[in-house]
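Asker: Take a look and give me a structure for this.
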Amino acid sequence: MLGENLEARYYTDPDVFQDEKRRVFQATWQVVAPLSAFADKGDYVAVDIAGTKIFVIRDESGTLRAFRNLCRHRGAALLSEGAGRCRSIRCPYHNWVYRLDGSLERAPWFEENEPLKLEDWPLYGLSLEVWRGLVFVSIAPQQSLSEQLGALVPEINDAPIESYQWAERRRLVFDANWKIYTDNFVEGYHIPGIHPEFFKAIEFEKFETTASDNLVRMSAPTRGDLFYEGRWLWMWPNWTLSFFSGGMNTSRINPLAVDRTELIYDFYFSDISDAGKAAREKTITDNVAVIEQDFDICLATHQNYLSGGYQPGPLSPRHEKGVYWFQQKLKETLA
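Answerer: Below you'll find the model as predicted:
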């Protein structure tokens, strides 16, 4: 036996979730957006990272910067989640205005007799790195991005990911703990039961899983016209990369609460011409359909963990190596 599944409390205890926010999500590098989203000055992307609001923006000099998405005055959110472009960053609460480099430009009506020292109140900056056309941000990094990427670097060394152009972002939300979905993603054991059409399109008996150095790699020969190329990658702590004919997708598994998770999927293609639009839309639709098939079982599993009736079961040495690796890494991180 490989080992046993995590105890239910890891999925349902609010205290565990608070610990994860600090030790897992704030301490690691999070994939935020494609570099192409910041083509011009003022272009920004604002996202949530396990409850911490951040944004990335290209400043007047062309430098890419990352900040906490909060005003230094009284903590209001500065930019709405999503992508956009702005000339300056204005707080909607009391109209404090920041330059694109995060410095405070003005605080209107603050106090005429005791003017505020603007230079003392810049936005809180965050660590930012770009790797192969993807923008990563860390709130309080405990290691370099290259160290965290680990085995992924040689795994996709020959993949032409920089040649793929971003086409669309999809946000999917469901009511279950983020680790239930992660456990599900890093094993193919559930494919026959949850994804019957997917099961028919691969040689399941040849499905293989390896796990080491922050990477879980799953692969299987495909048959027929399956849109996936037969390789699915998950990287510590919460992002994925999958290849399909003429492109790829990335996802970030982001907890919104102990019992609520969002998936941020970005789709990239080698052909983003008008002529290829129908084919792209079909690929995205097919991808999303497979993803959403997991939601009901994740919700039911979460509810059973809450019931108090679950005791950890055994993990399959053949199919659940990825689950075991992820869970051991998580326990070590939280210890």
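
Asker: can you tell me the helix or strand for the residue of the chain most remote from its centre?
Answerer: The outermost residue of the chain relative to its centre, with distances by C-alpha atoms, centre = their mean, is Asn113 at 47.2 Å. Secondary structure assigned from DSSP states H and E places Asn113 in neither a helix nor a strand.

Asker: Could you pull out the strands in the stretch 101-250 of the chain for me?
Answerer: Counting by DSSP state E, counting those that start in this stretch, the stretch 101-250 of the chain forms strands over residues 104-106, 127-131, 134-138, 165-174, 208-212, 215-219, 228-235, 239-244, 247-257, given from the N-terminal end onward.

Asker: can you state the direction angle for the last one and strand 134-138?
Answerer: Calculated by axes from the mean of the first three to the mean of the last three C-alpha atoms, to 10 degrees, strand 247-257 forms an angle of 20 degrees with strand 134-138.

Asker: and the lengthiest helix in the chain, how far from the chain's centre?
Answerer: Using DSSP state H to define each element, the chain has its longest helix at helix 277-292. Shown here is helix 277-292, whose average C-alpha point lies 19 Å from the average C-alpha point of the whole chain (C-alpha atoms, centre = their mean, to the nearest Å).

Asker: So for that helix, what gets flagged as buried?
Answerer: 280, 283-284, 286-288, 290-291 (16 or more other C-beta atoms under 10 Å). (C-beta placed from N, C-alpha, C; glycine too.)

Asker: now these in CSV, with pLDDT and distance to Ala50?
Answerer: Output for the buried residues of helix 277-292, formatted as CSV (pLDDT from 0 to 100; distance: C-beta to C-beta, whole Å):
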residue, pLDDT, distance to Ala50
Arg280, 95, 31
Thr283, 93, 29
Ile284, 96, 26
Asp286, 92, 29
Asn287, 94, 24
Val288, 97, 23
Val290, 95, 25
Ile291, 97, 20
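
Asker: Can you tell me which of these comes closest to Ile194?
Answerer: Closest approach to Ile194 among the buried residues of helix 277-292 (C-beta to C-beta): Val290, at 9.2 Å.

Asker: wait, what's in contact with the closest one?
Answerer: 195, 198 (C-beta atoms under 8 Å, 6 or more residues apart in numbering).

Asker: do you know how far it is from Tyr305?
Answerer: Applying C-beta to C-beta, to the nearest Å, one obtains 24 Å for the distance of Val290 from Tyr305.

Asker: about what we covered before: let me know the pLDDT of the residue farthest from the centre of the chain.
Answerer: Predicted confidence (pLDDT) for Asn113: 75.

Asker: ditto for the one 10 residues further on
Answerer: pLDDT for Leu123: 98.

Asker: Give the closest residue to Pro108 in space, chain neighbours not counted.
Answerer: Take Pro108 and drop its neighbours on the chain: the residue closest to it by C-beta to C-beta, 6 or more residues apart in numbering is Asn95, 5.4 Å away.

Asker: I'd guessed the one you found sits against Phe110; true?
Answerer: No. Under the criterion of C-beta atoms under 8 Å, Asn95 makes no contact with Phe110, lying 10.1 Å away.
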